[in-house]
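In: Sequence below, structure please.
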Amino acid sequence: MFTLIIRMENKIEKTQLEDPGQKMIHPVWRQMAWTLLWAGFLVLQLTFSVAADVKVVPKNPVLHRQKRDWDFNMLLAYENLRDDDLPWKIGQLVNNRSSGNTEFKLHGEGVDQLFFVNENGEVFVMASLDREKKSEYHLIAEIRDAKTKEKLDRDAPFTVKVQDINDNAPVFSETFAGAINERSPKGTAVLTVHATDADDPTSPNGKVEYRLLNGTQYFSINRINGQINVLDNKLDREIQSQYKLIVQASDLPGLPGGNTTTTIVTINITDINDNMATFKEPKYHFNVNETEKTQSTINTLLVEDRDEKSNKNPKFEVDNDVFYMETDKEKNGALKLRKSLDYETTAFYSFKVVVTEDGLVQPPDNKASMLTTAVVLITVLDVDEPPVFGKTEYIFNIPEGPITKKTIGTVSARDPDKASYRIKYSIQGINCPVDIDENTGDLVLKGELDREETELHVCNVIAQEISPGSGGQTATAMVKIVVQDINDNKPELVKESDVYICENDQKGTIIGTIGASDRDLNSGPFRFHLAKKSSNFSLFDHLNSTASIVLTHGGFRTENLDDSVLEIEISDGGLPPQKSINQLRIRVCTCQTDRRTEYCRSYAQTGVSVSALIAILLCIVTILVIVILFVLRKRYQKETLVALGKSSGEIHEQLVTYDEEGGGEMDTNGYDVSILSSAFNSGSMRPTPAPAVYAVAKKPSACKGDMAMMIEVKKDEADHDRDGVPYDTLHIYGYEGSESLAGSLSSLDSSSTGSNLDYDFLSDWGPRFRTLAQLYGVDGSDSDSSY
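Out: Numbers count the residues shown, from 1 in each chain. Now for the predicted structure:
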């Protein structure tokens, strides 16, 4: 068990490591000393009072109280010591085993950097401490033999508590703004400000109090919790809508020398409905045309309200049944017309308008100056008005069918002006089924009406006043002609596709149910009868606009159907009743169970359907287009050949037909003889593989055939052509070159060598080239010269 022993003297020693004998007194220690002396006095008094109640316990050989060796457990150190005051002694380690041969050691937080103990056990602060960063340090003290370094006692943990000083000012962590209604009662809370102080909150250094530096005539503040309250009920938004208060927070409440800080608090005054809406003028005068439409706005009565728009809620009362007032978007009074005006009847109106307001706080601020009643004067102006119909819409119910009475009704209009001009009528549009008499307004049918075609006709009738000036005012009225139904349509058969015969149907089988429809209204119920008796079928009328078809015998097959058409007479229930005879064609089908059809043979049809006709026509058109395109293509090809200067005969002559396997004597247009001659002279042509030489060189045939005739013709043309250059003229070809296989193209240069070529090697190539060797060999050289 440890106890705290703090020795305080009138003079507190400050021991330096360099000069332990130096002494000085710190004012902070002086204040702390007096405080601890009083605390020690109270502790001693409490100890003596407790000791008086302690009983003496006889010695017992078993129970012994162990004497404590360490005699402390907490040290105190002030923060923010000056560098000149460091190191600063904060206490003494006391152990009853200490002597001149012992030494003390410290372990724990900040040892050697912040705390130090000398060999005598004196503990020093080596650096300035900051309580706001760390308020206490936990250390461990140990005592050792100075020579052997052996521990003499168990380690003693203790705490160094950092004592606070007033080194931080209060801080407002946010910007404060609030709102309060105007005319709020005294004591109404507006908002609460809050400041924090980083100093010890348990000491006066960390306690904060508040006060206002301005606006104290309207607001007050609680100095402890910072709540701002309304001081009286005279806040008026219309006078001042915002206040900016300066709030000061200070520590060391009630003591001088505290730290202070300030902030600005914004307080907005919220509007309430405390001002009455009033008219700006006591009298208003407006001119209004008599043609002004009802519900239209004549003019606006401006009202004044100092409150905000959201609290401006005027209501208006008008003591006249022709006019009324509404509140517009700007919260002013919009004067509107309830009834139509007529200058000829009333030309002037005078009435009062009263403004009131709901939710008004009493008494209103503008009670002394408000004007809530105004007089309105209305002068009606005369204008040339259009005609007025007796009705805005005329409705006539006319039965369809033959016309029994052409005139179906009359429309009328009048001129409301004093002049009362005559009215002329006309109908707008060309689809109206009636005409109108331009003088009387009588409506006359043009022809019969058909409800099934058009049930409702809508026409516009125009009435125009005939005034002396050019043109006149017009008005329009709507005329609706409702066509009433009569029983004028014959019934028609429906559901005929559901009637069919299955091959396995027997006598009495219902093969289908038929119905009927009618374009008329309420024409049922329909009745059914067989117009002609049938040996195969009978009809049963259900009297509910349906009937069943029943087989009179079985044994029907899809291959044979003698009686497949039934003529059924249908009558409706209208007045007078209408009848019709309809043909019902019946199919024969092969069916599965439950009369599910697999294959049906339809009744024979005559004629062709529209879709089939369209398909046939499309096919014919397609064929015609293809033929035309083919003819055009052939014509285009022929025109192209003519444009190239070739007749069809010339093109045909260019097609060379090879009747012999080796090329033949007549094949003279496909090969150039000069190439064969040039290649042979250069030594590149030898009796090697036959196709290479044969493919390169051929010489015209020696016989007087087609080729010879062509040459003779060409020679004759050249001899008689005065403008042509003689064949024996030397020609110069700029790009012939020395490496050309063709050699010189001049007849003067090539004639001496052409007849000396040896083509006898062609005989060695086989039977295909023997004829060619005979033509161009030694025996044929004379023949060549004849050309």
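
In: Tell me which residues touch the nearest residue to N259 once chain neighbours are set aside, please.
Out: When the adjacent residues along the chain are set aside, N259 lies closest to A169, with 3.5 Å between them (CB to CB, 6 or more residues apart in numbering). Where C-beta positions appear, they are placed from N, C-alpha and C, glycine not excepted. By CB atoms under 8 Å, 6 or more residues apart in numbering, the contact set of A169 is 197, 251, 259-261.

In: quick one: A169 from E290, how far?
Out: Distance, A169 to E290, using CB to CB, to the nearest Å: 81 Å.

In: now do G359
Out: Computed as CB to CB, the G359 to E290 distance reads 40 Å.

In: for A198, same thing?
Out: For A198, the distance to E290 - CB to CB - is 84 Å.

In: got it, and N311?
Out: Taken as CB to CB, the span from N311 to E290 is 40 Å.

In: L624 too?
Out: 76 Å.

In: which of those two has more neighbours?
Out: E290 (19 against 10; other CB atoms under 10 Å).

In: quick one, what contacts that one?
Out: Residues near E290 by CB under 8 Å, 6+ apart: 341-343, 380-383, 385.

In: swap in V288?
Out: 298, 337, 341, 378-381.

In: switch to 6 Å and redo it
Out: 298, 378, 380 (CB atoms under 6 Å, 6 or more residues apart in numbering).

In: Which strand or helix spans the closest residue to the first one other than its chain neighbours?
Out: In this case it means I298. Among residues not flanking I298 along the chain, L335 sits closest, at 4.7 Å (CB to CB, 6+ apart). Using DSSP states H and E, L335 maps to strand 333-337.

In: any idea how far that strand is from the chain center?
Out: The chain centroid and the centroid of strand 333-337 are separated by 43 Å under CA atoms, centre = their mean, to the nearest Å.

In: can you check stretch 181-197 too?
Out: 47 Å.

In: can you pull the buried residues of it?
Out: Buried residues in stretch 181-197, defined by neighbour count with 16 or more other CB atoms under 10 Å: 181-184, 190-191, 193, 195, 197.

In: what's the answer for stretch 222-236, then?
Out: Residues of stretch 222-236 classed as buried by neighbour count (16+ other CB under 10 Å): 226-231, 235-236.

In: so what does the strand holding L335 touch, helix or strand wise?
Out: strand 297-301, strand 323-327 (3 or more CB pairs under 6 Å, 6 or more residues apart in numbering; DSSP states H and E).

In: Pairing partners for the helix or strand just after the first one, with directions?
Out: I take that to be strand 297-301. Going down the chain from strand 297-301, the next helix or strand is strand 303-304, by DSSP H and E. As defined by DSSP bridges, the strand partners of strand 303-304 come to strand 278-279 (antiparallel).

In: quick check: mean pLDDT across the partner strand?
Out: Strand 278-279 carries an average pLDDT of 93.

In: Helix or strand next in line after that strand, which one?
Out: Next element after strand 278-279 (DSSP H and E): strand 283-289.

In: follow-up on the earlier one: of all the contacts of V288, which comes closest to V550?
Out: Nearest to V550, judged by CB to CB, of the contacts of V288 is I298 at 81.0 Å.

In: residues contacting that closest one?
Out: Here I298 is in contact with 286, 288, 335 (CB under 6 Å, 6+ apart).

In: On the pLDDT front, check the second one for me.
Out: This means V288. 95.

In: Also the last one?
Out: The confidence metric pLDDT takes the value 95 at L335.

In: quick one, what contacts it?
Out: 298-299, 325.

In: would you turn those into CSV with pLDDT and distance to T771?
Out: Formatted as CSV, the contacts of L335 follow (pLDDT from 0 to 100; distance: CB to CB, whole Å):
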residue, pLDDT, distance to T771
I298, 93, 126
N299, 94, 126
M325, 94, 129
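
In: Out of those residues, which is nearest to K533?
Out: With CB to CB as the yardstick, the closest approach to K533 among the contacts of L335 comes from I298, at 84.6 Å.

In: Any buried residues in the longest helix along the chain, and which?
Out: Counting residues, the longest helix found in the chain (DSSP state H) is helix 610-643. Buried positions in helix 610-643, judged by neighbour count with 16+ other CB under 10 Å: none.

In: got it, and stretch 292-306?
Out: Residues of stretch 292-306 classed as buried by neighbour count (16+ other CB under 10 Å): 292, 298-299, 301, 303-306.

In: Same question for stretch 408-428.
Out: Neighbour counts over stretch 408-428 (16+ other CB under 10 Å) mark 408-409, 411-417, 421, 423-425, 427 as buried.

In: quick one: the helices in the stretch 1-150 of the chain?
Out: In the stretch 1-150 of the chain, the helices defined using DSSP state H, counting those that start in this stretch lie at 27-52.

In: What number of neighbouring residues does G100 come out with?
Out: 7.

In: Spatially central residue for the protein, please.
Out: K329 (33.0 Å; CA atoms, centre = their mean).

In: do you know how far it is from A374?
Out: Distance from K329 to A374, by CB to CB: 21 Å.

In: distance of I165 from N95?
Out: 32 Å.

In: make that S497, sorry
Out: S497 is 122 Å from N95, by CB to CB.

In: quick one: which helix or strand includes the closest residue in space to I510 that isn't next to it in sequence?
Out: Among residues not flanking I510 along the chain, S548 sits closest, at 4.8 Å (CB to CB, 6+ apart). Per DSSP H and E: S548 is located in strand 546-551.

In: ditto for G254
Out: With DSSP H and E as the criterion, G254 is inside neither a helix nor a strand.

In: Any figure for the gap between it and T261?
Out: With CB to CB as the criterion, G254 and T261 are 18 Å apart.

In: Look at those two and report which has more neighbours.
Out: Taking neighbours as other CB under 10 Å, G254 and T261 compare with T261 leading, 16 against 8.

In: what lines up beside the strand or helix carrying the more buried one in the sheet?
Out: Assigned by DSSP H and E, T261 belongs to strand 260-270. According to DSSP bridges, strand 260-270 forms sheet pairs with strand 177-181 (parallel), strand 242-250 (antiparallel).
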